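Engineer: the amino acid sequence is not available; the structure is as follows:
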């Protein structure tokens, strides 16, 4: 608490009578968009393992969360310590193998214990009657994240492939169905393309990595190579749009080699 007190004082000064007009008019809904942007910037810093940026972006995320909490506290909805106490009690309650006498011998048991406690909390609160294993998947999540969350929830309910080969076969099958759909209605092609993405999300989950991280790294790799190719073309006084496919391929392959050398 002592560490974050200076941040709370800044937020209260900004939202105070002689503070900043922009900060004073913000609501939890408008600040959520700021928080979402900061989360993606934090993801980029973590993926690049850029320590200075990780520190900066963690600070930005912390500031946005505190800002939203302060808005609620200032309006009299609920105090700051209610949020802190609620999450502290929840984390202790969901770790009985640490804070009580529950015995866990595998990660599978750990996950089952976590889900059982979550289900008990919902029933106990009376706020939600669980009807589906997918009820806990937020509708507003970004596509890849939501696909992974849906997939994991289905797996926890007992719906899973037996091995990675079966998941890969499903992905290949979806590609064939997409190829066939391309000659039909566009809505069919869109649906089949979505099936490819969803099956690949399951491939990533089964292989043990996050699809968002994989896509981010691949996009960054393409971006680095493209920027390198652009610089080389500009240095030669050429125009990418006027170059032949063969010339483009030559510069692309050269850019790949340059980027590979940088990593050695």
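Structural biologist: Structure received. What you are looking at is a predicted structure, and each value in this text was computed from that prediction instead of being measured.
Engineer: in stretch 254-264, which residues are buried?
Structural biologist: residue 255 (16 or more other Cβ atoms under 10 Å). For the C-beta atoms, the positions are set from N, CA and C on the backbone; glycine is no exception.
Engineer: give me the contacts around that stretch.
Structural biologist: 221, 224-226, 228-229, 232 (Cβ atoms under 8 Å, 6 or more residues apart in numbering).
Engineer: is residue 194 in a helix, a strand, or coil?
Structural biologist: The three-state assignment at residue 194 reads helix, by DSSP: H, G, I helix; E, B strand; the rest coil.
Engineer: how near is it to residue 202?
Structural biologist: 13 Å (Cβ to Cβ, to the nearest Å).
Engineer: neighbour count winner among those two?
Structural biologist: Between residue 194 and residue 202, counted using other Cβ atoms under 10 Å, the more crowded position is residue 202 (26 against 14).
Engineer: check the contact between the more buried one and residue 170; I expect there is one.
Structural biologist: Yes: at 7.3 Å, residue 202 and residue 170 qualify as touching, with contact defined as Cβ atoms under 8 Å.
Engineer: joint contacts of these two?
Structural biologist: residue 161.
Engineer: phi, psi for residue 76 please.
Structural biologist: Reported as degrees, to the nearest 10, the phi and psi values for residue 76 are phi 80, psi 10.
Engineer: tell me how many other residues surround it.
Structural biologist: Residue 76: 7 neighbours (other Cβ under 10 Å).
Engineer: now residue 122
Structural biologist: 14.
Engineer: what separation is there between it and residue 193?
Structural biologist: Distance from residue 122 to residue 193, by Cβ to Cβ: 35 Å.
Engineer: again with residue 92
Structural biologist: In terms of Cβ to Cβ, residue 92 sits 45 Å off from residue 193.
Engineer: more neighbours, those two?
Structural biologist: Legend: neighbour count by other Cβ under 10 Å for residue 92 and residue 193, higher for residue 193 (16 against 12).
Engineer: looks like that one contacts residue 177 (just checking).
Structural biologist: No: contact criterion Cβ under 8 Å: residue 193 and residue 177 do not qualify, at 9.8 Å.
Engineer: and the next helix or strand past the lowest-mean-pLDDT helix or strand in the chain?
Structural biologist: Of the helices and strands making up the chain, the lowest-confidence element is helix 107-125, at a mean of 84, by mean pLDDT, DSSP states H and E. Going down the chain from helix 107-125, the next helix or strand is helix 143-156, by DSSP states H and E.
Engineer: for that following helix, buried residues please.
Structural biologist: By 16+ other Cβ under 10 Å, the buried positions in helix 143-156 come out as 144, 147-155.
Engineer: name the helices or strands packed onto it?
Structural biologist: helix 186-207, helix 211-235 (3 or more Cβ pairs under 8 Å, 6 or more residues apart in numbering; DSSP states H and E).
Engineer: any idea how far the residue most central in space within the chain lies from residue 211?
Structural biologist: With distances taken as Cα atoms, centre = their mean, the chain has residue 145 as the residue nearest its mean C-alpha position (5.5 Å). Distance, residue 145 to residue 211, using Cβ to Cβ: 9 Å.
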